[in-house]
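A.B. asks: Dropping the sequence and predicted coords here.
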Amino acid sequence: MTAYARIDHLVTSGTFSLDGGVWEVDNNVWLVGDDSEVFVIDAAHDAHAILAAIGDRRLLGIVCTHGHDDHIDAAPEVADATGAPILLHSEDEALWRMRHPDRAPDGQLAEGDVLTVAGTQLRVLHTPGHSPGAVCLYAPTLTAGAPDEDGVPGVGTLFSGDTLFQGGPGATGRSYSSFPTIIASIRDRLLTLPPETVVRTGHGDSTTIGAEAPHLEEWLARGH
C-alpha cells in the first residue's frame, strides 16, 4: 500500500518588520506528515499553537521558506521544545540574524535537497527574489491519488512561501528583494511545474500553477 503524508494547516497572526516599518499579518503554517512524524513549514508567531498541532509526533525539522521575521519568529521556541533542527537557506542568514541574533539555524537548505516524511519527498527549489535565500518545497506526489485537505483529488503540491501567491508574485519593494529576480524564479522554476499543482502560499488562499501561469506577461508589465 502506498503511504501518503497529509497536510495540516494553521493560520497564525503577528507582525512583519523590515526597513523600519511594522505591519500586522496573518501567516499560513503548514505541517506535512502522518501520525508519527512531521515537518513544519514556516513556524510563524504562535509556538503554542504549532506545538499543539504537532502533538506527540516526532518533528523532523522546521523548514523556513525565507528569513523574514514573520516566518521565523516562533522557530526557536518550537525547536527548543522538540529538539528539531531549524533549516534555512544560507543566503537568508542576514535576515534571520535581525530577528534572532543569538540563535543560528541548525542546518542549511540548498537547491535540490530532498526532505522525506511519511514516504513523501519534498524537493527544495531555490527561488530568490522576495529574499535572496527564498525557497519553495515541491512534493510531486503529495496529493496524487489521495484527497488534499479540502477532499479534492490533486496532483502535487508546492509550498511557495512568499514567492508566489494567488494573483501574483511576492512583494519586492523592500531590502534584500528584487522584482526581476523573483519573476525569473517563478518563470523558470515554478511555472514549469504541472498546471494542476496546488500552490499553498505563505499568506492567504491557495491557488494552482495553471491558474497563475497565464498572468506572467501581466506581471512583467506591472514591474516596469
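C.D. replies: Right, received. Where do you want to start? Residues are numbered from 1 along each chain as shown.

A.B. asks: With adjacent residues omitted, what lies nearest to the residue nearest to the spatial centre of the chain?
C.D. replies: The geometric centre of the chain, computed from its C-alpha atoms, lies nearest to Gly161 (C-alpha atoms, centre = their mean), at 3.4 Å. Excluding its sequence neighbours, the residue lying closest to Gly161 (C-beta to C-beta, 6 or more residues apart in numbering) is Thr65, at 2.8 Å. From N, CA and C alone the C-beta is placed, and that goes for glycine too.

A.B. asks: Please enumerate the strands of this structure.
C.D. replies: Along the chain, the stretches classed as strands by DSSP state E are 6-18, 21-33, 37-41, 58-63, 86-89, 107-109, 114-117, 120-126, 135-139, 157-161, 164-165, 168-169, 198-201, 207-208.

A.B. asks: Can you add distance to Tyr176 and give those strands back as JSON lines?
C.D. replies: Below are the strands of the chain laid out as JSON lines (distance: least, C-beta to C-beta, whole Å):
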{"stretch": "strand 6-18", "distance to Tyr176": "8"}
{"stretch": "strand 21-33", "distance to Tyr176": "14"}
{"stretch": "strand 37-41", "distance to Tyr176": "20"}
{"stretch": "strand 58-63", "distance to Tyr176": "19"}
{"stretch": "strand 86-89", "distance to Tyr176": "12"}
{"stretch": "strand 107-109", "distance to Tyr176": "17"}
{"stretch": "strand 114-117", "distance to Tyr176": "24"}
{"stretch": "strand 120-126", "distance to Tyr176": "15"}
{"stretch": "strand 135-139", "distance to Tyr176": "14"}
{"stretch": "strand 157-161", "distance to Tyr176": "14"}
{"stretch": "strand 164-165", "distance to Tyr176": "18"}
{"stretch": "strand 168-169", "distance to Tyr176": "15"}
{"stretch": "strand 198-201", "distance to Tyr176": "20"}
{"stretch": "strand 207-208", "distance to Tyr176": "25"}
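
A.B. asks: Which among these is found nearest to Ala184?
C.D. replies: When these are compared by C-beta to C-beta, strand 168-169 sits nearest Ala184, at 10.4 Å.

A.B. asks: partners of that closest one in the sheet?
C.D. replies: Note on strand 168-169: by DSSP bridges, its sheet partners are strand 164-165 (antiparallel).

A.B. asks: hmm, who's touching the partner strand?
C.D. replies: Around strand 164-165, the neighbours that count as contacts under C-beta atoms under 8 Å, 6 or more residues apart in numbering are Cys136, Leu158, Gly170, Ile186, Leu190, Val199, Thr201, Gly202, His203, Gly204, Thr207, Glu212.

A.B. asks: and if we set it to 10 Å?
C.D. replies: For strand 164-165, contacts defined as C-beta atoms under 10 Å, 6 or more residues apart in numbering pick out 127, 129-130, 136, 158, 170-171, 182, 185-186, 189-191, 199, 201-207, 209, 212.

A.B. asks: what distance separates stretch 168-181 from the middle of the whole chain?
C.D. replies: 16 Å (C-alpha atoms, centre = their mean, to the nearest Å).

A.B. asks: Sort out which residues of it are buried, please.
C.D. replies: Gly168, Pro169, Gly170, Thr172, Tyr176, Ser177, Phe179, Thr181 (16 or more other C-beta atoms under 10 Å).

A.B. asks: Correct me if wrong: the fourth one contacts Thr181.
C.D. replies: Yes: with the criterion set as C-beta atoms under 10 Å, Thr172 and Thr181 qualify as a contacting pair; they are 7.8 Å apart.

A.B. asks: can you list residues touching both of the two?
C.D. replies: Counting by C-beta under 10 Å, 6+ apart, the contacts common to Thr172 and Thr181 are Gly129, His130, Ser131.
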